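S.K.: Here is my input, please return the structure:
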Amino acid sequence: MNIISGLDKPSSGEIRVLGNDLSRYDELFLATFRCTNIGYIFQSYNLISTLTTKENLAFPMQLAG
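M.R.: The predicted model follows:
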């Protein structure tokens, strides 16, 4: 899952998601790609401790516009 979402890079070959070879892109592209194309729920949640549950849920939607 980390490779498909662009969080990790494959040690060889290429990973294509929606026609994009994710192994060729920088972190900025990958972050935008994840934000607009992939729903990802981390096992450890990675919540922002200073925000409420509602604010944590709304935060990525605000970033996406």
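S.K.: what about I3, how many residues close to it?
M.R.: For I3, the neighbour count with other C-beta atoms under 10 Å is 14. (Each C-beta comes from the backbone N, C-alpha and C, glycine too.)
S.K.: Okay, it and P10: tell me how far apart.
M.R.: Per C-beta to C-beta, to the nearest Å, I3 is found 6 Å from P10.
S.K.: The chain: strands as residue ranges?
M.R.: In the chain, strands defined by DSSP state E lie at 16-17, 20-21, listed in chain order.
S.K.: possible to save the ones you listed as a markdown table with mean pLDDT and distance to N37?
M.R.: Formatted as a markdown table, the strands of the chain follow (pLDDT from 0 to 100; distance: least, C-beta to C-beta, whole Å):
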| stretch | mean pLDDT | distance to N37 |
| --- | --- | --- |
| strand 16-17 | 92 | 7 |
| strand 20-21 | 92 | 9 |
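S.K.: Now do the contacts for S12.
M.R.: Shown in contact with S12 (C-beta atoms under 8 Å, 6 or more residues apart in numbering): no residues.
S.K.: and the gap between it and L30?
M.R.: 18 Å.
S.K.: got a list of what the most centrally placed residue in the chain touches?
M.R.: The structure's the chain has its C-alpha centroid closest to R34; by C-alpha atoms, centre = their mean the separation is 3.4 Å. By C-beta under 8 Å, 6+ apart, R34 lies in contact with S5, G6, L7, Y40.
S.K.: burial count for the nearest residue to A64 once chain neighbours are set aside?
M.R.: In space, and not counting its chain neighbours, A64 is closest to C35: 5.7 Å by C-beta to C-beta, 6 or more residues apart in numbering. Residues lying near C35 (other C-beta under 10 Å) number 14.
S.K.: what does T52 give?
M.R.: The criterion is other C-beta under 10 Å. On that basis, T52 has 10 neighbouring residues.
S.K.: I'm done for today, thanks for sticking with me.
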